[in-house]
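Asker: what shape does this take:
(chains A and B)
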Amino acid sequence: MTADILFQVLVSGLLIGLIYALVAVGLTLIFGVMDIVNFAHGEFLMLGMYASFWAFALFAVDPIVALPFTALLLFAVGVIVYQTVIRRILKAPMLSQIFATFGLMILLRGLAQFFWKPDHRLIPHSLVSGNLTLGSVQFGLPQFVAALGAVGVTGGLWYFLHRTRLGTALEATAIDREAATLMGIDGQKMFALAWGIGAACAGIAGGLIATFFPIFPEVGANFILIAFVVVVLGGFGSVTGAFLAGIIVGLIEVLGGFLVGPEYKTAIVLSLLLVVLLVRPRGLMGKA
Amino acid sequence: MSERTIPTPVKAFGALALLALAALLPLVVTEPSQQNFLILILMGAQLGVAWNIVGGYAGQVSLGHAVFYGIGAYTSTMLLLTLGLSPWVGALAGGGVSVLFALAMGWPCFRLKGHYFAMATIAVAEIVQILVTNSEFLEGAVGLSLPMDQSGWGVLIFLSKLPYYYVILGLLVLTVLTAWAIERSHIGYYFRAIKDEPEAARALGVSLTRYKLIALSVSAFLTALGGSFYAQKEMFIDPGSVLAGAISIKIALIAILGGVGTLLGPVLGAAVLITIEEYSRTLFGSTGSGTDMIIYAAMIILVAVFSPSGVLGLLGDLRRFLPGARSKGPDMADKMEIRP
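Answerer: The predicted structure is shown next:
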């Protein structure tokens, strides 16, 4: 294996890893704030992709241009999901919590299939298309822009959580809800906010990859398992951890696929999940 | 639960009457497609009852039960194809392999709690599906076909639906009896203790890992038998039909819908779920329309949000509003009571 090929593989791993990170930060944020695992998170990504598709098909708006709209729409979806379903199961047994978000996953897939057909759709001639060449390494412009967007949004989320009043309130709720309530922070509002932001992150990820990835009702299934791995590796609830873990998972997936065979890349990533769960359940940066 | 207030002879009589009804049903329902529908319900019920042993009684949520189902289907089929071994033996072998797999998987994974365990089971099942799909020995994505040249009880292949109906009814009865025996034994009390008060159970000297492993092994064995039955009935298996994540979900859903940790809840859950699935298919046409998914997703969410004890619990709630109904506390408090 020459250095050029290795470098090429590492760059592709990094690019896809940053997307994984963006999908996972929303998931880890929701978990961190209220200890609920959102099995429907991949479906938020799917909705983001369809939002981009319809913006393009109906109004000829490019997915990249439509991103703010996609983000707002998914923020609303996240808040609605929280208000209608999640709010009612906060104190329910874990099994009910798992199955509520599980049911949401199936519901959203079913609705997408019902309204938009199970067909694979593509967005042709996006603003970003073609390849970039950097020395001996070549990669797609859509992938590059998506990775860049992922870095921007994750960075923005980090800034929001650590440098703004509202973000700090959200973090405080995650650390100790009771104490936060005593400080005058409205827990219910914070929970709704976490769902809105989490869904928006997944939606933006969907909009970013809509330029180069086929769009279909079950597309979320491809991402949710990997997002779990990223969340576990990064440490439940840690945005910084998810960012680093996303990159690591992307690199391992592409490198593993290259060395062992592409058909095994998901199995390799899932084995990583098992190893982390067993050896270091709190992940890279999770709370002990 | 209300059943505790019903005297035992009445319960035994009720169970026998139910069984007799089930045995006579296919004599009335003679249309093959309708018999097939009944078989699907019994298959779902059997898997739900089996899942309930680990997911309901012991409270360890597995979302990867397809792995045991697939092991059962593949083991009996491979033994038949390569050694010509009767599926009666093959199914038991499949159960054995499944138990070994459950022990190997449970030993490390049972250190994990709650959603961590659920995720680990999803990961394990997904890895196995990928490995089988890429295995030349198991014919990968192409799948395995059973030989069509013979039929009868020895090879467990039949030309009509009726024998399959009685085989799966027998398997369901076996599964329910196993669950019932566990429910009544000290193991059942340990399971519930592990589910509700793990720390207290540990303090009293109950080995958590040991009893979780027992729960998973029994459940895995019975699930594998269900997988072998599927292979015999369909005469074709591939990773998509016996190892897919959707199967794991469906198995768990049946138990959840019917009522987690109840003996016959999964039977009701299977009847509801399979009926919705089949009817939305015939009512709304093609399977791709997503209507069946929408209906049963809505049901899952409603059950999760409003009645954590499943459809059976929902019925129990309704009963409370009927005249003459006993007024008693919620089901959960009832279940947790400690009896000598």
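Asker: remind me, longest helix of the chain?
Answerer: Picked chain A for this. Once chain A is assigned using DSSP state H, the helix that runs over the most residues is helix A:3-34.
Asker: looking at chain B here, not the other one
Answerer: Chain B, longest helix under DSSP H: helix B:208-234.
Asker: could you give the number of residues near A:R88?
Answerer: By other Cβ atoms under 10 Å in any protein chain shown, 16 other residues sit near A:R88. C-beta: built from backbone N, CA, C; applies to glycine.
Asker: how close does it get to chain B?
Answerer: Counting by Cβ to the nearest Cβ, to the nearest Å, the gap from A:R88 to chain B is 5 Å.
Asker: quick check, that residue in contact with B:V305.
Answerer: Yes - assessed by Cβ atoms under 8 Å, A:R88 is found in contact with B:V305 at 4.8 Å.
Asker: quick one on the thing from earlier: quick one, the following helix or strand past the longest helix of chain A and helix A:3-34 angle?
Answerer: Next along the chain after helix A:3-34, taking DSSP states H and E as the criterion, comes helix A:41-59. Going by axes from the mean of the first three to the mean of the last three Cα atoms, to 10 degrees, helix A:41-59 is angled at 110 degrees with respect to helix A:3-34.
Asker: near chain B, which residues of the stretch 51-200 of chain A show up?
Answerer: A:85, A:88-89, A:92-100, A:102-107, A:109-114, A:117-118 (Cβ under 8 Å from any Cβ of the partner chain).
Asker: doesn't A:G103 make contact with B:I301?
Answerer: Yes - here B:I301 reaches A:G103: they are 3.9 Å apart, a contact under Cβ under 8 Å.
Asker: where does pLDDT dip in chain B?
Answerer: The model of chain B has pLDDT under 70 over residues B:1-6, B:284-288, B:307-340.
Asker: tell me, what residue is most central in it?
Answerer: B:L47 (1.8 Å; Cα atoms, centre = their mean).
Asker: separation between that residue and chain A?
Answerer: Distance from B:L47 to chain A, by Cβ to the nearest Cβ: 17 Å.
Asker: sorry, back to before: buried residues in the longest helix of chain B, which are they?
Answerer: Residues of helix B:208-234 classed as buried by neighbour count (16 or more other Cβ atoms under 10 Å in any protein chain shown): B:208, B:211-233.
Asker: following it, which helix or strand comes up?
Answerer: Once helix B:208-234 ends, the next helix or strand along the chain (criterion: DSSP H and E) is strand B:236-237.
Asker: what packs against that next one?
Answerer: With contacts taken as 3 or more Cβ pairs under 8 Å, 6 or more residues apart in numbering or on different chains; DSSP states H and E, strand B:236-237 sits against helix B:66-83, strand B:144-145.
Asker: in which helix or strand does A:L225 reside?
Answerer: helix A:219-234.
Asker: I'd like to know which elements that helix is packed against.
Answerer: For helix A:219-234, the packing partners by 3+ Cβ pairs under 8 Å, 6+ apart come out as helix A:3-34, helix A:41-59, helix A:94-116, helix A:239-260, helix A:265-279, helix B:114-133.
Asker: right, and these - which one's nearest B:A203?
Answerer: Closest approach to B:A203 among those is made by helix B:114-133 (19.8 Å; Cβ to Cβ).
Asker: so is stretch B:89-101 next to chain A?
Answerer: No - looking at stretch B:89-101 against chain A by Cβ under 8 Å from any Cβ, there are no contacts, and the closest approach is 14.2 Å.
Asker: contacts for stretch B:159-166 next, please.
Answerer: Contacting residues not belonging to stretch B:159-166 are listed as B:23, B:26, B:32, B:35-36, B:38-39, B:42, B:151, B:153, B:158, B:232-233 [Cβ atoms under 8 Å, 6 or more residues apart in numbering or on different chains].
Asker: up against chain A, what does the stretch 151-300 of chain B have?
Answerer: By the rule Cβ under 8 Å from any Cβ, the part of the stretch 151-300 of chain B lying against chain A is B:245, B:249, B:252-253, B:256, B:260, B:288-294, B:296-300.
Asker: how about 6 Å then?
Answerer: Residues of the stretch 151-300 of chain B found near chain A (Cβ under 6 Å from any Cβ of the partner chain) are B:I256, B:G288, B:S289, B:G290, B:M293, B:I294, B:A297, B:I300.
Asker: leaving out chain neighbours, which residue sits closest to the fifth one?
Answerer: Excluding its sequence neighbours, the residue lying closest to B:M293 (Cβ to Cβ, 6 or more residues apart in numbering or on different chains) is A:G110, at 3.0 Å.
Asker: so what's the one you found up against?
Answerer: By Cβ atoms under 6 Å, 6 or more residues apart in numbering or on different chains, A:G110 lies in contact with B:G290, B:M293, B:I294, B:A297.
Asker: for A:L58, same thing?
Answerer: Neighbours of A:L58 in contact, by Cβ under 6 Å, 6+ apart: none.
Asker: and it, how far from A:L122?
Answerer: 16 Å (Cβ to Cβ, to the nearest Å).
Asker: again with B:G90
Answerer: 46 Å.
Asker: out of these two, which sits in the more crowded spot?
Answerer: The neighbour comparison of B:G90 against A:L122 (other Cβ under 10 Å) goes to B:G90, with 24 against 12.
Asker: and for the residue lying closest to that one once chain neighbours are set aside, the neighbour number?
Answerer: Nearest in space to B:G90, with sequence neighbours left out and distances taken as Cβ to Cβ, 6+ apart, is B:S76 at 3.2 Å. Neighbour count of B:S76, defined by other Cβ under 10 Å: 33.
Asker: what do you get for B:L131?
Answerer: Number of residues near B:L131 (other Cβ under 10 Å) recorded here: 16.
Asker: try A:D186
Answerer: The number of residues packed near A:D186 is 13, by other Cβ under 10 Å.
Asker: show the pLDDT at it.
Answerer: For A:D186, the pLDDT comes out at 88.
Asker: packing partners of the helix or strand of chain A with the lowest mean pLDDT?
Answerer: When the helices and strands of chain A are compared on mean pLDDT, DSSP states H and E, strand A:131-134 comes out lowest with a mean of 82. In terms of contacts (3 or more Cβ pairs under 6 Å, 6 or more residues apart in numbering or on different chains; DSSP states H and E), strand A:131-134 is packed against strand A:137-140.
Asker: quick check: mean pLDDT across the following helix or strand past the strand it packs on?
Answerer: The element immediately downstream of strand A:137-140 (helix or strand, assigned by DSSP H and E) is helix A:141-163. Mean pLDDT, helix A:141-163: 93.
Asker: how far does the helix or strand just after helix A:141-163 sit from the chain's center?
Answerer: The helix or strand immediately downstream of helix A:141-163 is helix A:165-175, counting by DSSP H and E. Chain-centre distance of helix A:165-175: 20 Å, with Cα atoms, centre = their mean, to the nearest Å.
Asker: so helix A:165-175 versus helix A:141-163, what angle?
Answerer: 80 degrees.
Asker: which element follows helix A:165-175 toward the C-terminus?
Answerer: Moving toward the C-terminus from helix A:165-175, the next helix or strand (DSSP H and E) is helix A:177-182.
Asker: in the helix or strand following that following helix, what counts as buried?
Answerer: Under the assignment DSSP H and E, the closest C-terminal helix or strand after helix A:177-182 is helix A:187-209. Residues A:187, A:190-209 are the ones in helix A:187-209 that count as buried (16+ other Cβ under 10 Å).
Asker: what does stretch B:166-178 give?
Answerer: Buried, per 16+ other Cβ under 10 Å, within stretch B:166-178: B:V167, B:I168, B:L169, B:L171, B:L172, B:V173, B:T175, B:V176, B:T178.
Asker: of the residues you listed, which belong to helices?
Answerer: B:V167, B:I168, B:L169, B:L171, B:L172, B:V173, B:T175, B:V176, B:T178.
Asker: which one among the residues you listed gets closest to A:I215?
Answerer: Among those, and counting by Cβ to Cβ, the member closest to A:I215 is B:I168, at 40.3 Å.
Asker: this completes my enquiry, with thanks.
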